[in-house]
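Chemist: sharing a model that was predicted from the sequence below.
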Amino acid sequence: MPDLKIHWCSPLDSGQQKASDKYNTGALDFAGIVDFAQEADELGIDSLLMGISYHMPDPLPMIGALVRETSRVNFILAYRPGLLPPTLFTQIVNTVSWMSDKRIALNLVAGISPDEQAFYGDFVAHDGRYERTREFLDILHRFWKGESPLSHQGAHYRIEQAQLGLPFKDNERPRIYISGASDIAQQIAVSHSDCWLRYGDTPEGIAAASGNVLEAGCAVGIRMHILARETREEALAAVEQMMQNPDDQHREWVRQFVARCDSEAVKTSFRLAEGAEHDWLSPMLWSGAVAYRGGPALCVVGSYEEVAQYLIEYKKVGVSEFIFSGWPTRDEMRGFCRHVLPRLRALEAQLEQQHA
């Protein structure tokens, strides 16, 4: 049973400070992002997720620069089929694989909002976007298997006699993550990816949702937040302090955005949050920030020891990867690596002995 992979979501600057504020947009603090990535590199974080959305800078050029500023940490590129044709996308990923010594992975996201897709001239409905993702990945896999020239005639793409002079380094391919909670997302994750990535839930909820994926041999990963302190009392005090003077205008904006979303993952996370008792889905799982930050904001809260113990419960039901964030995200990453991760590794070693 391999160790849990611990990834972190890269911020848009030196680190998001508070859960209940509006998004910080309008500028790019790239020096802060570089500094964050270099610390993640030093701390031993497996990968940094580079997200994609209209209110964020594009992750592709940032990854191209960050791989030259770091030496070990990997980068998970979140991107949407439909923005770039598959030949060009494969060419870009292959190029980065040589620049970074293969430190690039892919999180292909079909899209969560018809409104946002329309910003980019994309009017394909939910299931159609996933079918396009399947077709996109079919072509990418054929390139990485060395097919040349490559021709394809499908519902979304037509390619004739495509050739790429630069393969993925060592003739390998990137690790692939597929996000989504719908049935079609799970199907594509199983058939075309290495890991099904979803928003958080209780360990019991994750077990119920991921059984078919695990049986098919696909890994399961969770995108969520962490808030860990020396004691539980300190952690709860941090939650309370962070939610003082919330930006209710931003909360209303998020509510309206979610109402127009067609993503099952987004809808599920908000249903979970709305059904939580006093913002707690379980004694360890706090949902109060979801209304301000969306599905990824479901947060494990507790002492260092409690958080490590709770994460082991996810491993017991088959989860093998986490992509975390925090508030402030850089402080949380630092605290997690120094205080939670050693405890988590010790618990994993105990679990391994029990199964030996």
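Modeler: Nice, I can see it. Everything numeric here is computed off the predicted structure, so don't read it as measured data.

Chemist: distance of the spatially most distant residue from the centre of the chain relative to Arg142?
Modeler: The C-alpha centroid of the chain is most remote from Gln161, which lies 34.1 Å away (C-alpha atoms, centre = their mean). Note on Gln161: its distance to Arg142, by C-beta to C-beta, to the nearest Å, is 13 Å. From N, CA and C alone the C-beta is placed, and that goes for glycine too.

Chemist: now for those two: what residues contact both?
Modeler: The contact sets of Gln161 and Arg142 overlap at Leu150 (C-beta atoms under 8 Å, 6 or more residues apart in numbering).

Chemist: what distance separates stretch 140-153 from the centre of its chain?
Modeler: 27 Å (C-alpha atoms, centre = their mean, to the nearest Å).

Chemist: re earlier: would the residue farthest from the centre of the chain count as being in a helix?
Modeler: No: secondary structure of Gln161 (DSSP: H, G, I helix; E, B strand; the rest coil): strand, not part of a helix.

Chemist: all further residue positions should be reported with the first residue as 12.
Modeler: With the count now opening at 12, the last piece we talked about shows up as Gln172.

Chemist: how about it, nearest residue that isn't a chain neighbour?
Modeler: Closest residue in space to Gln172, ignoring its immediate chain neighbours: Pro160 at 4.1 Å, by C-beta to C-beta, 6 or more residues apart in numbering.

Chemist: where's the one you found relative to Val277, distance?
Modeler: For Pro160, the distance to Val277 - C-beta to C-beta - is 40 Å.

Chemist: what's the neighbour count on Glu158?
Modeler: By other C-beta atoms under 10 Å, 15 other residues sit near Glu158.

Chemist: tell me the contacts of it?
Modeler: Neighbours of Glu158 in contact, by C-beta under 8 Å, 6+ apart: none.

Chemist: ditto for the one 10 residues further on
Modeler: Taking C-beta under 8 Å, 6+ apart as the contact definition, Tyr168 lies against 96-97, 146-147, 150.

Chemist: now do Val224
Modeler: Applying C-beta under 8 Å, 6+ apart, the residues near Val224 are 197, 200-201, 207, 231.

Chemist: any idea which element it lies in?
Modeler: Element membership of Val224, judged by DSSP states H and E, is helix 214-226.

Chemist: buried ones in that helix, by neighbour count?
Modeler: 214, 216-218, 220-221, 224-225 (16 or more other C-beta atoms under 10 Å).

Chemist: convert the C-alpha atoms of that helix to CSV, please.
Modeler: Output in CSV follows, covering the C-alpha atoms of helix 214-226 (Å, rounded to 0.1, in the frame of the first residue of the first chain):
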residue,chain,number,x,y,z
PRO,A,214,-14.9,8.9,4.3
GLU,A,215,-18.2,7.0,4.2
GLY,A,216,-19.5,9.2,1.4
ILE,A,217,-16.3,8.8,-0.6
ALA,A,218,-16.5,5.0,-0.1
ALA,A,219,-20.1,4.9,-1.4
ALA,A,220,-19.3,7.0,-4.5
SER,A,221,-16.0,5.5,-5.5
GLY,A,222,-16.5,1.7,-5.3
ASN,A,223,-16.9,1.1,-9.0
VAL,A,224,-13.8,3.3,-9.8
LEU,A,225,-11.6,1.4,-7.4
GLU,A,226,-12.8,-1.9,-8.6
